[in-house]
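Peer 1: Need the 3D shape of this:
(2 chains)
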Number of protein chains: 2
Amino acid sequence: MTDALDDFYAIIPAGGIGSRLWPLSRADAPKFLHDLTGSGSSLLRQTWDRLEPLAGPERIMVVTGRAHRVAVESQLPGVDDHNIVLESEPKDSTAAIGLAAAILHRREPDVVIGSFAADHVIGDARGFRRSVREAVAAARAGYITTIGITPSEPAIGFGYIHAADESLDVAGASTAHAVRSFVEKPDLKTAKKYVANGSYLWNAGMFISRADVLLAEIGRTEPELLAGIEELAAAWDTSARGIVVDRIWPSLKKIAIDYTVAEPAAAAGRMAVVPGDFDWDDVGDFASLAKLQSGGRKNNLAVLGDNARILADSASGIVVSQSNRLISLIGVEDIVVVDTPDALLVTTSANAQRVKGVVDALKISGRDDVL
Amino acid sequence: MTDALDDFYAIIPAGGIGSRLWPLSRADAPKFLHDLTGSGSSLLRQTWDRLEPLAGPERIMVVTGRAHRVAVESQLPGVDDHNIVLESEPKDSTAAIGLAAAILHRREPDVVIGSFAADHVIGDARGFRRSVREAVAAARAGYITTIGITPSEPAIGFGYIHAADESLDVAGASTAHAVRSFVEKPDLKTAKKYVANGSYLWNAGMFISRADVLLAEIGRTEPELLAGIEELAAAWDTSARGIVVDRIWPSLKKIAIDYTVAEPAAAAGRMAVVPGDFDWDDVGDFASLAKLQSGGRKNNLAVLGDNARILADSASGIVVSQSNRLISLIGVEDIVVVDTPDALLVTTSANAQRVKGVVDALKISGRDDVL
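Peer 2: Purely as a prediction, here's the structure:
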């Protein structure tokens, strides 16, 4: 169980900025480039390190924006040049994962790909890899497979996967079940029902599938998009890549893989889920970052930042310090303070979701200098 | 009533840092050098401008620390060189005001001095000057006179002056009453009783007196301190000043004028009070600054700082911006955010008094760089 999987290729789409973590996350310093766990490694690097024992360093492909090429290469010195796919502009997850799958399928027709976000946190890498191995087995059997996280609480910040009761009985994937449906982020009452029910899992956005099966699924819902992806893939490992990218990429439809692959495949009975019994978080906002950092302790003040100088008197929440300034907090509970050289955010955990609204307001008012 | 008073000299002790306004107020940028009202003028300059029509520009003396000489001169281009008294180290208000009084008394034996803090805010300069004129009249009659502010609310942040019922019947000072006693900052219940009673006024730390009367009062309680002050004053306008200052000043007792003059004079029936019916505030902390800035409106976000760039979504309280950073506030009520290039404070109005504790902690831990 410790060997790399021969037919497996990992894909890391490293695209999202992480707007709800502004002003820590920026266009030029997106969430995946940050060390949000205090481990000394960026989330991207941690994702790589988690996948490397499964795929081997030559079999991890990263899809990212042109602007992040240098940063990604410096985070991942082991990445092969021909395994970096650069987007000239963001086109959402179907194009990003689909293109990677199409390129890999041309290089290796029977390849099983697994796509894992660059900016999630996973506590137990071994448990993660156990689940991926099962998911790969289910994928080999023809299923588009996801790993659903066993809920530790009735979270309302994640979508859920409703698994069928009967297991699929796939060799090497004893815990794989068919997916009945994907359901949107619930309200608390519904979330509690889901957790009590036991057949609902958190959707962590992981997709493991034969490349040909994934591409066929995209072709069913978005044939034009698939045609564009295939044309790009055909040119990718040739001298025509640049010309074809310039012509095709801008015209690709922006659509999340949830709508092109996950939901239709689930509805058609082609989707499997392997329960993942490991700690996982998408660290979507500062409330979740505070929780992660404080390990669930109440009245704790989490501090992120190597050179943080904090003086706190009755303060709880989280401080992110990216300047060398002394930060003094007095009598503030569940506070969120993010101190960067050109922008300061002060809010509370309860308002963490509203940070995206500020980013939107900044966009509208043209203050791109701080985005 | 608009002419300058011939025998009057104003003294502005400009000494206190204003620790509860840290990190806005600093050792090298004390409260009196800040424009806390958004008027475009520092509190020191506003104090000068209030007094100038009464005393004339040649008859205002400023007592300040050596370190502030350049800043004071640049704020007050009209100040005469021989009217700047520089302290080599802070020795509290008896030494500061006493020395100024002693110097002026040597220059002009019958002078009436009035001492007014450099860092208070007064809404109605004409009303203030009317009260000073009355106080000068009472002072000429031999009283050490203060101006007590008619309370607009049962404030617990100020000391109170308990006035006698009968007026003193001094020509030109029809509203002057004897002071029964000075009382410490009360609790809310006591403050309400004071305000209901009608004979309690806020102690604004203003002292108007013949210089010789004031010095005699110091001599009664602190004869050694007076002797030191007199020795300094005798040398002041001579070439021996430097040597005598170096010898005497470090040995002077540090004691507030409240204990050497105000309280004993009141107890002995030598203290008068003129009620001041004008808006006054000592702007002692950020809660008081927020209140001042918002003009009493609830749910208002006051902003202080010429280049402030604020993006607020459901925020109230006060932001002081001394950097060029974008400050974003989301869902924080009665918040206090003070953003300076090397230190950031986040607290709430309710905790404003605790800021001094942070300053003390910084002192103890030797972080003088941000004090």
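Peer 1: Distance check, residue A:132 against residue B:104.
Peer 2: 86 Å (Cβ to Cβ, to the nearest Å). Quick note: C-beta positions are derived from backbone N, CA and C, even for glycine.
Peer 1: typo on my end, it should be residue A:247
Peer 2: For residue A:247, the distance to residue B:104 - Cβ to Cβ - is 87 Å.
Peer 1: And the strands in the stretch 1-150 of chain A?
Peer 2: For the stretch 1-150 of chain A, strands defined by DSSP state E, counting those that start in this stretch occupy the ranges A:8-14, A:60-65, A:84-87, A:112-115, A:121-122, A:144-149.
Peer 1: Residue A:132 and residue B:104: who's more crowded?
Peer 2: residue A:132 (26 against 21; other Cβ atoms under 10 Å in any protein chain shown).
Peer 1: picking up where we left off before, same list, the strands of the stretch 1-150 of chain A, but as a markdown table with distance to residue A:210 and mean pLDDT please.
Peer 2: Output for the strands of the stretch 1-150 of chain A, formatted as a markdown table (distance: least, Cβ to Cβ, whole Å; pLDDT from 0 to 100):
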| stretch | distance to residue A:210 | mean pLDDT |
| --- | --- | --- |
| strand A:8-14 | 11 | 98 |
| strand A:60-65 | 16 | 97 |
| strand A:84-87 | 19 | 97 |
| strand A:112-115 | 5 | 98 |
| strand A:121-122 | 24 | 96 |
| strand A:144-149 | 9 | 98 |
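Peer 1: Pick the most deeply packed of those strands.
Peer 2: strand A:144-149 (a mean of 28; mean count of other Cβ atoms under 10 Å in any protein chain shown).
Peer 1: Show me what that strand packs onto, helices and strands only.
Peer 2: Secondary-structure packing of strand A:144-149 (3 or more Cβ pairs under 8 Å, 6 or more residues apart in numbering or on different chains; DSSP states H and E): helix A:125-140, strand A:160-167, strand A:200-203, strand A:207-210, helix A:211-221, strand A:271-276.
Peer 1: and of those, who's closest to chain B?
Peer 2: Of all the helices and strands packed on strand A:144-149, strand A:200-203 sits nearest to chain B, with 26.3 Å by Cβ to the nearest Cβ.
Peer 1: for the closest one, the distance to its chain's centre please.
Peer 2: The chain centroid and the centroid of strand A:200-203 are separated by 15 Å under Cα atoms, centre = their mean, to the nearest Å.
Peer 1: for stretch A:281-301, same thing?
Peer 2: Computed by Cα atoms, centre = their mean, the separation of stretch A:281-301 from the middle of its chain amounts to 18 Å.
Peer 1: ok, now stretch A:217-234?
Peer 2: Put simply, stretch A:217-234 sits 22 Å off its chain's centre (Cα atoms, centre = their mean).
Peer 1: Looking at the helices and strands packed on strand A:144-149, which is nearest to residue A:173?
Peer 2: helix A:125-140 (4.0 Å; Cβ to Cβ).
Peer 1: Enumerate the positions of that closest one that are buried.
Peer 2: Across helix A:125-140, burial judged by 16 or more other Cβ atoms under 10 Å in any protein chain shown covers A:128-140.
Peer 1: re the thing from before, for residue B:235, which of the strands of the stretch 1-150 of chain A is the nearest?
Peer 2: Ranking the strands of the stretch 1-150 of chain A by proximity to residue B:235 (Cβ to Cβ) places strand A:121-122 first, at 71.6 Å.
Peer 1: That closest one packs against which elements?
Peer 2: Against strand A:121-122 (3+ Cβ pairs under 8 Å, 6+ apart) you get helix A:43-55, strand A:280-281.
Peer 1: In JSON lines: these, plus distance to chain B.
Peer 2: JSON lines is the format used below for the helices and strands packed on strand A:121-122 (distance: least, Cβ to the nearest Cβ, whole Å):
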{"stretch": "helix A:43-55", "distance to chain B": "23"}
{"stretch": "strand A:280-281", "distance to chain B": "22"}
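Peer 1: possible to save those as TSV with mean pLDDT and distance to residue B:120?
Peer 2: As requested, the helices and strands packed on strand A:121-122 are exported to TSV (pLDDT from 0 to 100; distance: least, Cβ to Cβ, whole Å):
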stretch	mean pLDDT	distance to residue B:120
helix A:43-55	97	53
strand A:280-281	96	52
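Peer 1: Give me the neighbour count for the closest residue to chain B within the stretch 151-300 of chain A.
Peer 2: Going by Cβ to the nearest Cβ, chain B is nearest to residue A:286 of the stretch 151-300 of chain A, at 10.2 Å. Residues contacting residue A:286 under the criterion other Cβ under 10 Å number 30.
Peer 1: Looks like it contacts residue A:20 (just checking).
Peer 2: Yes. Assessed by Cβ atoms under 8 Å, residue A:286 is found in contact with residue A:20 at 7.5 Å.
Peer 1: intersection of neighbour lists for those two?
Peer 2: A:352, A:355 (Cβ atoms under 8 Å, 6 or more residues apart in numbering or on different chains).
Peer 1: who in the stretch 1-150 of chain A is up against chain B?
Peer 2: residue A:23 (Cβ under 8 Å from any Cβ of the partner chain).
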